[in-house]
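Participant: Next come a sequence and a model predicted from it.
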Amino acid sequence: MPLGGQPAAEHVGEGGIVLDQQQPHGDYGTRVKVLPGTLRGRLVAAYAIGLSVVVIVVLAAGYLALVAELRHAAEEDLAIRLDDVSAAVETGDLLPVGRDPYAQVIAGGAVVARSAATPSTPVLTLKAAGEVVEQKSPGLRGTAMLAARRLPDGRLLVVGTSLATVDATAQRVLIGLAMIGPALVLVLTLAVRRVVGGALGPVAAMTSRARELNTGRLPEPPGTDEIATLARTLNEMLDRIDAANQRERAFLDDAAHELRTPVAVLRAELELGLADDDPRQAMRAALVEADRLSRLATDLLVIARARAGTLELDRGPTDATVVVRDAAQRVARLHGLAVEVTGQEVVAEVDAVRLEQVVTNLVGNAAQARAGRVRVAVAQSAAGALVVTVDDDGPGFPEELLPVAFDRFRGTPGGSGLGLAIVATVARAHGGDAVASNASALGGARVRVSFGS
């Protein structure tokens, strides 16, 4: 969306260039997208531009070097001729001047000897002595290269040659390079396109597979390059997403199953109350099921918030021993348990409500397992973490349940299967953990919960 809230409009201009026209805002005008939209197209275009620059620079450097070499060769040939003619003229022999393709001997501003191709007027002055000059000169095609030397007797010797052959050769080379350059760029671009296409082929395959993918994995190319690593990483991500989806489906299925029972019982009790002249007993039973349903919903909410990372803890200095004792004794009175709370007085930075929830769940689980005695120990680890250990004299955990005791809906028959999951969730939220075993000093189950330091 451009500045000013006006939507962008696109249309295709000449040559397939996309013009992204926006409403002017300040100094901003029309933006032109000159590169293709696909990664392959952009890479090939970038390589083509780079290759074009390199080819132009290389060919231009070669052309300039060739022209310089041709001129240098012409200059060396001219210097040799100048030496030969000069040696003869200094001895008084003027015949080499007439035999040279282009030579003059100038004295007093007049030509005293010359070859047939030179004019009768001087082509250079004494000021040019010792120099190599390029200029138009009568008798020579195109640009002429002239060299002059002052003789010991004061006369001026001039020899020259036409650069027409050099210029024609340079022009032919330039035309050839102008034809070879684009062809070379085209061939190299096609080669790059093939290489890039091969390199990005797995990406296209993954894209095609991803479009039609409901479950499964993306194709993984062999090797250890970036594309293969990307494919493996994406498959690992898909595996994690699939596992998370499976857990989510299992969670929803289990939650629906657990919610269906109290809802059905609640409905039955309410229907019974409607049919009974004295519905108080049915109402009491319905209230029990409503409480159970409320606890189940609260537990599900705690787990959902923990999974989403939004479980908030109201941590503060808490007399953990008092909170643990009150919660344990309250549950014990409800179930007729003998509860013993031991340990030193511990003040810890914890959420008192969540600590109470942990103790309530653990003692309630012991009562559900038909334990008669429960011992709750409160301690502080060497690192300063609050540690609560609950032992009972019940039958203990089934051996097959120990590895998954803190998973959701893994409880024993008669429970919601969320009690220990809540315990582990709260412990982890405090930076601690929970461990279940059958190492109770009372002969039953033991759950040790730490709340971090």
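Facilitator: Arrived safely, thanks for sending.

Participant: can we go C-alpha only for contacts and neighbour counts from here?
Facilitator: Will do.

Participant: Surely I56 is in a strand?
Facilitator: No. With DSSP: H, G, I helix; E, B strand; the rest coil as the criterion, I56 is helix rather than part of a strand.

Participant: ok, so what distance separates it from V185?
Facilitator: With distances taken as Cα to Cα, to the nearest Å, I56 is found 10 Å from V185.

Participant: Who has more neighbours out of those two?
Facilitator: For I56 against V185, the residue with the higher neighbour count under other Cα atoms under 10 Å is V185, and the figures read 21 against 17.

Participant: Quick one: residues contacting the more buried one.
Facilitator: Going by Cα atoms under 8 Å, 6 or more residues apart in numbering, V185 touches 48, 51-52, 55.

Participant: any chance of the residues you listed in TSV, with pLDDT, distance to L151 and neighbour count too?
Facilitator: TSV is the format used below for the contacts of V185 (pLDDT from 0 to 100; distance: Cα to Cα, whole Å; neighbours: other Cα atoms under 10 Å):
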residue	pLDDT	distance to L151	neighbour count
A48	85	59	19
L51	86	55	17
S52	88	53	19
V55	90	49	18
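
Participant: so after the helix or strand L190 falls within, what's the next helix or strand?
Facilitator: With elements delineated by DSSP states H and E, L190 resides in helix 164-211, which encompasses its position. Using DSSP H and E, the helix or strand that follows helix 164-211 in sequence is helix 226-275.

Participant: Which stretches in the stretch 351-453 of the chain count as strands?
Facilitator: For the stretch 351-453 of the chain, strands defined by DSSP state E, counting those that start in this stretch occupy the ranges 373-380, 386-392, 433-437, 446-450.

Participant: tilt between the last one and strand 373-380?
Facilitator: Strand 446-450 and strand 373-380 meet at an angle of 20 degrees, taking axes from the mean of the first three to the mean of the last three Cα atoms, to 10 degrees as the criterion.

Participant: Quick one: work out the angle between strand 446-450 and strand 386-392.
Facilitator: Taking the same axes, to 10 degrees, one finds that strand 446-450 is oriented at 170 degrees with respect to strand 386-392.

Participant: Then the first one?
Facilitator: Strand 373-380 runs at 170 degrees relative to strand 386-392, counting by the same axes, to 10 degrees.

Participant: Starting from strand 373-380, tell me which strands it pairs with and how they run.
Facilitator: The pairing partners recorded for strand 373-380 under DSSP bridges are strand 338-343 (parallel), strand 386-392 (antiparallel).

Participant: What of the third one?
Facilitator: Strands adjacent to strand 433-437 in the sheet, as given by DSSP bridges, are strand 446-450 (antiparallel).

Participant: Give me the mean pLDDT for the strand it pairs with.
Facilitator: In this model, strand 446-450 carries a mean pLDDT of 95.

Participant: OK, contacts around V359?
Facilitator: V359 makes contact with 324, 327-328, according to Cα under 8 Å, 6+ apart.

Participant: H335: neighbour count?
Facilitator: Tallying neighbours of H335 according to other Cα under 10 Å, which is how burial is gauged here, yields 16.

Participant: With A264 instead?
Facilitator: With other Cα under 10 Å as criterion, A264 counts 12.

Participant: so how far is E289 from it?
Facilitator: Summarising the geometry, the distance separating A264 from E289, computed by Cα to Cα, is 9 Å.

Participant: Equivalent analysis for P152, please.
Facilitator: Counting by Cα to Cα - P152 and E289 are separated by 132 Å.

Participant: can you pull the pLDDT of L140?
Facilitator: At L140 the predicted local distance difference test score is 83.

Participant: same thing with Q22?
Facilitator: At Q22, the predicted lDDT confidence score is 44.

Participant: again, but for the one 3 residues further on
Facilitator: Model confidence at H25, given as pLDDT, is 43.

Participant: now I17
Facilitator: Listed pLDDT for I17 reads 37.

Participant: Name the SS class of the spatially closest residue to G160 that is not a sequence neighbour, please.
Facilitator: Spatial nearest neighbour of G160, chain neighbours left out: L146 (4.2 Å); criterion: Cα to Cα, 6 or more residues apart in numbering. Look at L146: counting by three-state DSSP, its state is strand.

Participant: Look up the residues forming beta bridges with L146.
Facilitator: When bridges are assigned using DSSP bridges, the partners listed for L146 are V133, G160.

Participant: Now do it against L78, distance only.
Facilitator: Computed as Cα to Cα, the L146 to L78 distance reads 8 Å.

Participant: hey, what's in contact with both of these two?
Facilitator: 159-161.

Participant: Can I get these in JSON lines including distance to V374, pLDDT and neighbour count?
Facilitator: Putting the shared contacts of L146 and L78 into JSON lines (distance: Cα to Cα, whole Å; pLDDT from 0 to 100; neighbours: other Cα atoms under 10 Å) gives the following:
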{"residue": "V159", "distance to V374": "124", "pLDDT": "90", "neighbour count": "29"}
{"residue": "G160", "distance to V374": "122", "pLDDT": "87", "neighbour count": "29"}
{"residue": "T161", "distance to V374": "120", "pLDDT": "87", "neighbour count": "22"}
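
Participant: between those residues, which is nearest A210?
Facilitator: Using Cα to Cα, the shortest approach to A210 within the shared contacts of L146 and L78 belongs to T161, at 73.8 Å.

Participant: on that earlier part again, between L146 and L78, tell me which one has more neighbours.
Facilitator: Here L146 and L78 are compared on neighbour count by other Cα under 10 Å; more neighbours surround L146, at 26 against 19.
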